[in-house]
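J.: My questions are about this predicted structure, shown below with the sequence.
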Amino acid sequence: MARVKFFINGVKQTVIGASLDKEGERGIDQLKVHLPVNTAVAMNDKVLYIQDLINVANLSAIYNFQSSIKDESGNANHGTVTALGVGEDSWDGKAGVFNGTSSKIVIPDDNTLDFSGEFDMYLWFKWTATTSPMYILSKRSSSSNGWALAVNKTTAGDVAFYIGSNSITSSTAGYNDGEYHLVRVKRDSANLVTLYVDNISKGTMTNSTNLTDTNTLDIGNDSSVYFNGTIARLRLYKGTPISVEEATRLFTQRNTRTTMKFGGYVTKIDAELDKKEIMAQSFGKILGETEVRGSVYDDRSPEYIVNDLITNNTTLTYSDEGVASGIALKRYIADGKLVDIVKEFAVLTNRTFFTTGLEEFFFLPKSYNETSLAFTHGVNAVVSRSGFDDTEIVNDLTVLGENKRYSTTDTLSGDGSETEFSLTYNATSTVVKVGGTEKSPEEDYTIDGLGRTLTFTTAPASGTNNITVEYEYELPLFFRGIRQSSIDEYGMHAKRLMMPWIDNRADGVRFVQLYLNRYKDVIEKIKVEVGDLLGTMEESDIVQIVNSVISISGDFAVKSIRWTYPAMQTEISAGEYFFGYYEMDKQIVQKLHDLEGALTHAKSLRDYESPEEVLVLNDIVVQTVSEDFTESLSITESDNIYDMARATWGSSSYGSKRAGINTGSVYANG
């Protein structure tokens, strides 16, 4: 059973294995996929990754209505929307609200939507109106051809499915009770068409009509007869219907809010004997790569500026939700990396941002999503790590940036017996002369670049400075920052990173500053492992976690999720209630530049240390900006306080799990 589907430049590919990381706090997601060794793939190819709670092999289209009505099946059956509202589903997500007079979605015809033989369709929807009839789906030009799904056909609250002039009507009515109902229609290999409501058969008919046509697929409308109600999910399958077990799973389990789990670009390819491994970064990496220079805005809101910058500098589609901030900037000049500019406005307006596999950019009010999800150790999960975990504290950070190549000459004196001499730097290429005569490498001498040692086959004759070594060597940019207050409290936790993408001091200082701010404190973390591809949650969901063995019982925020296929495992990292954007910088470095696979010359750290390059990050000094910038970074440590329920500063209370502090409520209205 194929629970995942993978596309390269729109073409479906066979997947041997996959691992997808969705990082909390809107980082850059990373996908690792194993493909057959003969799969055609190149750097910067566009990829899509679909994952569902049931088989996706015959999935033609799926619409989840989570702030977007685009098709998440990978088949790009996107539609044109008219007058659609936003409501709530029953699974902590959203739904599409149809007004009964003009709301509709029109989707162009496609081969994947033409039901020539077997098919299967599922809809979660609710309604209370008694208008007779109301059409939810249709793909036909008249009542004598094509197919359609309607409610209130004969009696208020019934459900009917049409093929041409033939129809099935549910044997019971009263489904217009304002509650979500799952309606399913399938046709099997014997041309038996069955109508189900809430996974129970409500009627059948035998019909072999080939439903291939060129008509559009209309959601919420048929020939200007509109649906007045709410649709939460729509699934269409062309081919063999799904199994009874899968149908039951759709009815009884939580609906996924997203099926297209990943979209982005190939950034690394490793060809092995038996498979090809590719690594891809999500479309969000564009934000870290894009430079904005001198864009001037007068009397504009932060939302307008972000929209304009995203629209004009990327291929992403901007989407905004929530109440406007009400802030107007008299004059603003956008200059620098796009991700930094967006982060500044997100902090200013108390919002968060992320990108999707459909190349959409969302700029949303910060909020935590309360869910009913519960994970209990030994029952439905393994809760294997807890407590105040200091494994990620970094308060002494060394960053080695891009290697710079230099050349120099060492002069040495022979004594007629010594064959081994020390060089000043780690030589990468050499020209050695003795008494003015050039010597041959490997024949007359050898060089140990790492040990900085020159060894002659025969000892050079005695003479003052009669040996010259002309050579090239490399030194990377070096930056070091320390967080003294954290060192005093927790002891030193040092880390060294090699990042060849840092080629100037400004980028190095920026990264050290953000990284040390992000990892200056002990973080309370919990790891949850589930033996299934659990796609029913998103980052910032609030879930309950219980492990009586190690005294865990409470609500935690989902910070990151990892899905592994075909192992069919989900790993969740949960922890404190807080938002932050430093995770974005961590992911840009760890993933976009793939540190683990980077090749670099091994060198001793002491080679690059110099007093002026050590950045001491003071903890209580306010940052000061003047015309002449100094070499020190001064950063204040202030914790952001957010309303857990509404993510706004205001009169309500918020809960927070922080190191050493119990969960509590704080009232901010004075």
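T.: Received it, and whenever you're ready, just let me know what you need. If you're wondering where the values come from, they're calculated on a predicted model, not measured in any experiment. Numbers count the residues shown, from 1 in each chain.

J.: Tell me the predicted confidence for the residue of the chain most remote from its centre.
T.: Most distant from the centre of the chain: S462, at 65.8 Å, with distances by CA atoms, centre = their mean. On the pLDDT scale, S462 is placed at 95.

J.: before we move on, what about Y473?
T.: Taking Y473 on its own, its pLDDT is 89.

J.: Tell me which other helices or strands the longest helix along the chain touches.
T.: The longest helix of the chain (DSSP state H) is helix 505-518. Other helices and strands packing on helix 505-518, by 3 or more CB pairs under 8 Å, 6 or more residues apart in numbering; DSSP states H and E, are strand 396-414, strand 463-482, helix 582-587, strand 614-618, strand 633-634. C-beta coordinates here come from the backbone N, C-alpha and C atoms, glycine included.

J.: Okay, buried residues for the second one please.
T.: This points to strand 463-482. Under the neighbour-count criterion of 16 or more other CB atoms under 10 Å, strand 463-482 has 466-469, 471, 473-482 buried.

J.: Equivalent analysis for stretch 333-340, please.
T.: 334, 337-340.

J.: re earlier: please tell me how far the longest helix of the chain is from the chain's geometric centre.
T.: When C-alpha coordinates are averaged (CA atoms, centre = their mean, to the nearest Å), helix 505-518 and its chain have centres 22 Å apart.

J.: Tell me the helix or strand right after that helix.
T.: strand 523-530 (DSSP states H and E).

J.: same for that following strand, what does it pack against?
T.: Applying 3+ CB pairs under 8 Å, 6+ apart, one finds that strand 523-530 contacts strand 382-385, strand 388-389, strand 552-565, strand 569-575.

J.: of all those strands, which lies closest to N207?
T.: Judged by CB to CB, the one of the helices and strands packed on strand 523-530 that comes nearest to N207 is strand 552-565, at 37.3 Å.

J.: circling back to that earlier point, out of the helices and strands packed on helix 505-518, flag the one nearest P302.
T.: Shortest distance between P302 and the helices and strands packed on helix 505-518, using CB to CB, is found for helix 582-587: 17.9 Å.

J.: got the contact list for L84?
T.: When contacts are counted by CB atoms under 8 Å, 6 or more residues apart in numbering, L84 is found next to 69, 96-98, 103-105, 220.

J.: Tell me where the stretch 251-400 of the chain is predicted with low confidence.
T.: Applying pLDDT under 70 to the stretch 251-400 of the chain flags the ranges 386-392.

J.: Quick one: mean pLDDT over the longest helix of the chain.
T.: Across helix 505-518, the average pLDDT comes to 79.

J.: what's the answer for stretch 18-26, then?
T.: pLDDT averaged over stretch 18-26 gives 81.

J.: same question, stretch 444-453
T.: Model confidence over stretch 444-453, given as mean pLDDT, is 88.

J.: Identify the residues contacting it?
T.: 420-428, 430, 432, 439, 441, 454-458, 601-603.

J.: In helices, which of these appear?
T.: Going by DSSP H, the helices hold none of these.

J.: Apart from its chain neighbours, what residue comes closest to V292?
T.: Distance criterion CB to CB, 6 or more residues apart in numbering; nearest residue to V292, sequence neighbours excluded, is A334 at 4.8 Å.

J.: related to what we said a few turns ago, which stretch among the helices and strands packed on helix 505-518 comes nearest Q513?
T.: That would be strand 633-634 among the helices and strands packed on helix 505-518, by CB to CB, at 5.2 Å.
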